[in-house]
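Asks: Sequence isn't available, so here's the structure alone:
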C-alpha cells in the first residue's frame, strides 16, 4: 500500500489542525472551558503548524523545498510541545506553588511589550494550574502535546520521505 502524495498529506495536516482549533473553540463556548494564557499559546502553536501545513500543501514542493517545510513544521510542533509540557508541569505542581491568578492576556498585551508578556505567561499563574477539562483522566495540555507530536510525525512522512516513483 502506498501513502498518499505530499500534497494530500500536508493538506490533511492542515485539516487536523483546523479540527483541533475548532474543538478548542467549541469547548470554550459550549462546555464553558475558559482557556488560560498557556492554552492560548498552544492554540497559536497549532494554528502556526496548520498554516505551514497549508502552505506546504498548496505549494507541494520537491527536494529541498519539502525539507524546508518539514523543518518549519517541526519548529512549530516543538514550540507547541514545549508550551504544552510547561503547562502540564505547572498543573502538577502542589497547591500554593503557583502564583495566584494574574491579569488576563488582553490586559498584559496592553500593558507590556510582547517579549515580557511571553515570559510572564510561560511562568504560569493560578488559572494555568487548574485542570478544568480531562479525557481518560488526562488534561487537555497532555492531549495537545500528543497531538502535536503526531502532527510532527505526519510532517516527517509528508516532507522528509523520498517521493514515490
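Replies: Thanks, I have it. What you are looking at is a predicted structure, and each value in this text was computed from that prediction instead of being measured. Numbers count the residues shown, from 1 in each chain.

Asks: give me the low-pLDDT residue ranges for this protein?
Replies: Screening the chain residue by residue with the criterion pLDDT under 70, one finds the ranges 1-3, 95-109, 111-112, 117-129, 134, 163-165.

Asks: Can you show me the strands along it?
Replies: Applying DSSP state E to the chain gives strands spanning 134-135, 138-139.

Asks: possible to save those strands as a markdown table with mean neighbour count and distance to residue 72?
Replies: For every residue, glycine as well, the C-beta is placed using N, CA and C. Formatted as a markdown table, the strands of the chain follow (neighbours: other CB atoms under 10 Å; distance: least, CB to CB, whole Å):
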| stretch | mean neighbour count | distance to residue 72 |
| --- | --- | --- |
| strand 134-135 | 10 | 30 |
| strand 138-139 | 16 | 28 |
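
Asks: Tabulate the ones you listed (JSON lines), appending distance to residue 18.
Replies: As requested, these are exported to JSON lines (distance: least, CB to CB, whole Å):
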{"stretch": "strand 134-135", "distance to residue 18": "20"}
{"stretch": "strand 138-139", "distance to residue 18": "22"}
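
Asks: Among these, which comes closest to residue 76?
Replies: When the strands of the chain are ranked by distance to residue 76, counting by CB to CB, first place goes to strand 138-139 at 21.7 Å.

Asks: Run the chain-centre distance for the closest one.
Replies: Here the centre of strand 138-139 is set off from its chain's centre by 15 Å, with CA atoms, centre = their mean, to the nearest Å.

Asks: now swap in stretch 148-165 and tell me
Replies: Put simply, stretch 148-165 sits 18 Å off its chain's centre (CA atoms, centre = their mean).

Asks: do stretch 144-162 as well
Replies: Centroid separation between stretch 144-162 and its chain, computed with CA atoms, centre = their mean, is 13 Å.

Asks: Done for today, thanks.
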